[in-house]
Structure formats: structure tokens, C-alpha cells
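S.K.: Just to be clear, the model below is a prediction. Sequence and coordinates:
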Amino acid sequence: MEAEHYSNDLHEALAQKNNTAFWNCWHSKFETTAKCSQVDGCADPDIIADKFACHFKKAFSCNDPRKADILRGEFLLSRPNYNGVPLTEVYSIDTELVKCSKAADIDSLSAEHLRFSHPCLPIVLAKLFQLMVFCSFVPEGFR
């Protein structure tokens, strides 16, 4: 019976366009205040940070150097034939511009997340934002 109650509360808040009631109900039913205090049995924040760094370093490392060299060669061969429109200074978005945003987004990601992310992320995001401006197109998920 409880499941129906909060489902109805969510539905009613949404139908009445009551954002505050909707998010209060959402938070109370779907989010937990429990915080993780250990990772792999460690409670020391520095050791936990090192564990995360090691995990993500492995995730982004090349697992087949020979294949990486082949792909790089293919890229370098195709690059001279590229006929795309060059991005001019008008579309200049660099990694520093990506990192300077102060407000958190809808997923609660902030500049601090970028600051501590893998170094390739701001580069990829800068390219993505340049293309969005150049093409005058914002994907649905960014709205």
C-alpha cells in the first residue's frame, strides 16, 4: 500500500506542477542519506582516493599497444583527406572555459568533478561544446 501512496504523491505533485512537493517526495523515497565510509575495508580518505585513482587509471590505460598503434596509423592516414569545415575563433571553447563553470548541473556535477577527472575529459567536452555551437544543435539530454 505504501508504494501506491508515494507513487500517487509523485503523480499528484507532477500533475499540479508543484516542483517542491515533487522533489521532496522524490528525495524522501528514492534517495538515501547513508554515506559510504569504507572502500575495500579502508576508511582513510587518502587511501580511498588512491584506490579510486588506481582503478580509473587502469580503466583508461591502453590494453593493446599494437592495436592502438594501428588505429593511430589509420587516423593519421585519413587526416589529410578530411574536408570538414574548420572551427574558427568564433567557436573557441577550450578546457579552461569548460573548467570555469561554478554552478552544479542537474546531476549535481560541478567544476570540482572536472578538476579531479581524467585529463582527457575536459578536452573531449571542449570539442563536444565547440561542435554544438558550430552545428547550432544542443542534444536533448543537455537541455
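M.R.: Right, received. Where do you want to start?
S.K.: From here on, just use CA atoms for contacts and neighbour counts.
M.R.: Noted.
S.K.: Could I get the full set of helices for this protein?
M.R.: Listed in chain order, the helices of the chain (DSSP state H) span 2-15, 19-30, 45-59, 65-78, 95-99, 111-115, 120-135.
S.K.: how about those helices, which one is nearest residue 39?
M.R.: Among these, helix 45-59 comes nearest to residue 39, with 6.2 Å by CA to CA.
S.K.: Just the buried residues of the closest one, please?
M.R.: Of the residues in helix 45-59, residue 48 count as buried by neighbour count, 16 or more other CA atoms under 10 Å.
S.K.: How about stretch 66-81?
M.R.: Within stretch 66-81, judged by 16+ other CA under 10 Å, no residue is buried.
S.K.: neighbouring contacts of it?
M.R.: Here stretch 66-81 makes contact (CA atoms under 8 Å, 6 or more residues apart in numbering) with residue 62.
S.K.: Let me see the domain layout of the chain.
M.R.: The record's domain parsing of the chain by automatic domain parsing lists 1-34, 35-64, 85-137.
S.K.: between these, which gets the lowest average pLDDT?
M.R.: Of all the domains of the chain, domain 1-34 carries the lowest average pLDDT, namely a mean of 69.
S.K.: What are the phi and psi values at the spatially most central residue of the chain?
M.R.: Centroid-nearest residue in the chain: residue 109, 7.3 Å away (criterion: CA atoms, centre = their mean). Phi and psi for residue 109, reported as degrees, to the nearest 10, are phi -90, psi 140.
S.K.: Could you measure from it over to residue 22?
M.R.: 21 Å (CA to CA, to the nearest Å).
S.K.: cool, residue 111 as well?
M.R.: According to CA to CA, residue 111 and residue 22 sit 27 Å apart.
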